[in-house]
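>>> Take a look and give me a structure for this.
(2 chains)
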Number of protein chains: 2
Amino acid sequence: MANPFTLVKKDPNSKARLGRLVTAHGVVETPCFMPVGTQGTVKAMLPRDLKELGCQILLGNTYHLFLRPGHEQIRRLGGLHKFISWDGPILTDSGGYQVFSLGATRKISEDGARFQSHLDGSSHLLTPETAVQIQEALGSDIAMILDECIPHDAKRDYVQDSTARTIRWAERCLNARADADQLMFGIIQGGLYEDLRRDCVAAMTPMKFEGFAVGGLAVGEGEEQLNAISSFTVELLPENRPRYLMGIGRPQDILHGVRAGYDMFDCVIPTRNARNGTLFTWQGKLNIKRAEFAGDGRPLDDSCGCYCCQNFSRAYLRHLYMAGEILSSQLNTLHNLYFYHRLMDKCREAIRAGRADLWPQWLDAEAAS
Amino acid sequence: MANPFTLVKKDPNSKARLGRLVTAHGVVETPCFMPVGTQGTVKAMLPRDLKELGCQILLGNTYHLFLRPGHEQIRRLGGLHKFISWDGPILTDSGGYQVFSLGATRKISEDGARFQSHLDGSSHLLTPETAVQIQEALGSDIAMILDECIPHDAKRDYVQDSTARTIRWAERCLNARADADQLMFGIIQGGLYEDLRRDCVAAMTPMKFEGFAVGGLAVGEGEEQLNAISSFTVELLPENRPRYLMGIGRPQDILHGVRAGYDMFDCVIPTRNARNGTLFTWQGKLNIKRAEFAGDGRPLDDSCGCYCCQNFSRAYLRHLYMAGEILSSQLNTLHNLYFYHRLMDKCREAIRAGRADLWPQWLDAEAAS
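Presented below is the predicted three-dimensional model:
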């Protein structure tokens, strides 16, 4: 496959890059953020509202869709794009992250991972080959290899063995590919060990992947290690491939990642926080539950152009949250995703203009206070 | 106040009427359906999506808004329209229906109804005067008098005494009016007794109300009694005032009510049923939970123009319901309210054209099967 990624520009003020990734369902301008649509929906969002706020690409969770409604069902219904009515690009994970999160109910072998469904306890085997087959049935634009997301406190021996297995699985994933239109990304593991990260990059980058992800971060290692390992690893990756920092993150983590040279990000933070009443503004995070907002007629963020900020007050958003109304999740999610997408817009703008002063400033008021 | 209602046309094939009701926030074409926005939101609907489906007027619940966030809070924030970002007409009930539903925790006297909040057990007194003051603080376009919604199995003596009290309360409500822009509707009670309904109409219609509602129906009396009493009562009401059949209802009940001569309807059925997975189509009701829909790629109703039917399959809607996704409530509500508004469109169209063949046909497939 021809390289679908074009490196458009490098930032003179950081290692950030501006890029274009061509997929079967359209072009993604990078750096980009991918909202998480776990069960075939970005929770509380109509697809047309996602389009409106500038969403370019969604992430779908293979584990959840495999169990319910089932990848074969989705294939019969015309694929994931049609099923969820999203005609833009979709990236699917391999299911590995969720399977490995199951803890005691899953068992890893060279073959793959055997696990029990969280829905009905049924037993399933996820192998590199089935991970590819499931993602091909879903028909996503970008598939991820099956990897093990290693706990941040794993012993070095385990990290080394697990990473070596992920590398063997990567080869098996490539060999299992049947869909010429689907891009596939390798995943760099190696825990918090620079030499193991380097070895993994050295083994993975000669393989015929259209992009590379860095995994196993934002799993409890703390901001310092996250930034150190993500910065170290990204520099080893080929410049002409998209680089995806998996599961990241908070606005400050994304800003760090972009300036380190990553192109793609995903995280449940904007959507999950929204449902819990934690909202992002350019003045910092805000907890809409707080009594001080009961009579506050101002919008969440008076510099924000989203439907929520253009039409509703903090007092109303607090009322909806306290009353347990569905509209609370809808408006909060809409706002947080709008914020994240403007964050990415500003990053691209700063790189495009080559101006250090255009980089978005985001102060976490709660962390600062 | 000048009569805000214009009787535009009478149907030659039934007692249905086409009308226009002018309010401070715009004109309502009747017959109309009012979605219920209990806590300052039609559950799971953005106001812009309500506008898009043709919603003309919302109903707000005084009891809920009085308790949370409080009518004075809403007044300070600029009134209910601004609070919920709805610039069209709003009708508020008086709070009586919810208070009387509280059963053992409320006590009725000539003065009013003392009740305990379902939220925190605090004690409150709702009188005809406070019911008016609260609705004026909310700033709704149409206020309802405080009435007692009598249980359908109440003894005749109780119905007679209660109805007499509602008539006295109606006078007190009129005397308490201070807002010249707010319309006020009287409510006809009298239970299932035709003579008591007649007496109530005789006492209420000389009072200076801009419209009249018929209450105390759809409270368990059954379809036959509902149709009999609603038909009997509507004929006694003045032709030049809007007539509102409170809390009605199912599509067949609304069709019956329109043809009997009612102009306004409200009910939680389309929204509540949506959240429970019961969806209206022109071929009848459909329970989206059913396993038969798991692989059904067709839209809910292929004759429906709503965003849900234009973009999603029954299989997807079933998946969202089974997965407990918020989007399930959003799409189902959007569809059911679209259906109800098209039902009203078709009624108005049939009256306007004076054509019996244009009346909407709706078959309740579940009831018929």
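>>> How about the residue lying farthest from the centre of chain A, nearest residue that isn't a chain neighbour?
Computed with C-alpha atoms, centre = their mean, the residue of chain A farthest from its C-alpha average is A:G295, at 36.1 Å. Distances taken as C-beta to C-beta, 6 or more residues apart in numbering or on different chains place A:A315 nearest to A:G295, at 5.8 Å, with adjacent residues excluded. No exception for glycine: its C-beta is placed from N, CA and C like everyone else's.
>>> Equivalent analysis for A:T166, please.
In space, A:T166 comes closest to A:D147 once its chain neighbours are excluded; the distance is 4.4 Å by C-beta to C-beta, 6+ apart.
>>> What is the burial count for that neighbour?
Using other C-beta atoms under 10 Å in any protein chain shown, A:D147 has 31 neighbouring residues.
>>> can you pull the pLDDT of it?
Listed pLDDT for A:D147 reads 96.
>>> returning to what we had before: pretty sure the residue nearest to A:G295 sits against B:R68.
No: under the criterion of C-beta atoms under 8 Å, A:A315 makes no contact with B:R68, lying 11.8 Å away.
>>> What residues does chain A have near chain B?
Chain A comes close to chain B at residues A:39-41, A:43-48, A:68-69, A:73, A:76-78, A:83-85, A:294-295, A:297, A:307, A:311-313, A:315-316, A:319-320, A:322-323, A:325-327, A:329-331, as judged by C-beta under 8 Å from any C-beta of the partner chain.
>>> Which of the residues you listed fall in helices?
A:47-48, A:73, A:76, A:83-84, A:307, A:311, A:315-316, A:319-320, A:322, A:326-327, A:329-331 (DSSP state H).
>>> Got a quick PyMOL command for the buried subset of those residues?
Buried members of these, defined by 16 or more other C-beta atoms under 10 Å in any protein chain shown, are picked up in PyMOL with:
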select buried, chain A and resi 47+73+83+84+307+311+315+316+319+320+322+326+327+329+330+331
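>>> Helices of the stretch 201-350 of chain A, start to end?
Counting by DSSP state H, counting those that start in this stretch, the stretch 201-350 of chain A has helices at residues A:223-234, A:251-260, A:269-275, A:307-311, A:314-322, A:326-353.
>>> Save those helices as TSV, and put in mean pLDDT too.
Shown next, in TSV, are the helices of the stretch 201-350 of chain A (pLDDT from 0 to 100):
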stretch	mean pLDDT
helix A:223-234	97
helix A:251-260	97
helix A:269-275	98
helix A:307-311	98
helix A:314-322	98
helix A:326-353	98
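>>> Can you say which of the ones you listed is nearest to A:I288?
Judged by C-beta to C-beta, the one of the helices of the stretch 201-350 of chain A that comes nearest to A:I288 is helix A:314-322, at 5.1 Å.
>>> Residues contacting the closest one, please?
A:277, A:279, A:286, A:288-290, A:293-300, A:308, A:327-328, A:331-332, B:39-41, B:68-69, B:73, B:77, B:83-85 (C-beta atoms under 8 Å, 6 or more residues apart in numbering or on different chains).
>>> cool, and stretch A:298-312?
So stretch A:298-312 is contacted by A:49, A:52-53, A:279, A:281-283, A:286, A:288, A:313-314, A:317, A:331-332, A:334-335, A:338-339, A:342, B:46-48, B:85 (C-beta under 8 Å, 6+ apart).
>>> Run through the residues that contact A:T62.
Counting by C-beta under 8 Å, 6+ apart, A:T62 makes contact with A:71, A:92-95, A:131, A:134-135, A:138.
>>> Could you measure from A:L317 over to A:Y340?
As judged by C-beta to C-beta, to the nearest Å, A:L317 and A:Y340 stand 18 Å apart.
>>> in the stretch 101-250 of chain A, which spans are strands?
Using DSSP state E, counting those that start in this stretch, the strands of the stretch 101-250 of chain A run over A:106-108, A:113-116, A:123-126, A:142-144, A:183-188, A:211-214, A:243-245.
>>> Wait, A:L91 touches A:G37, no?
No: taking contacts as C-beta under 8 Å, A:L91 lies outside contact range of A:G37: 10.1 Å.
>>> now the contacts of A:T62 as CSV including pLDDT, distance to A:P12 and neighbour count?
As requested, those are arranged in CSV below (pLDDT from 0 to 100; distance: C-beta to C-beta, whole Å; neighbours: other C-beta atoms under 10 Å in any protein chain shown):
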residue, pLDDT, distance to A:P12, neighbour count
A:H71, 97, 45, 23
A:T92, 98, 35, 27
A:D93, 95, 34, 32
A:S94, 93, 36, 27
A:G95, 90, 40, 26
A:A131, 97, 40, 30
A:I134, 97, 43, 25
A:Q135, 98, 38, 32
A:L138, 98, 40, 23
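>>> hey, which of the helices of the stretch 201-350 of chain A is tucked in deepest?
Neighbour counts (mean count of other C-beta atoms under 10 Å in any protein chain shown) averaged over each of the helices of the stretch 201-350 of chain A peak at helix A:314-322, with a mean of 24.
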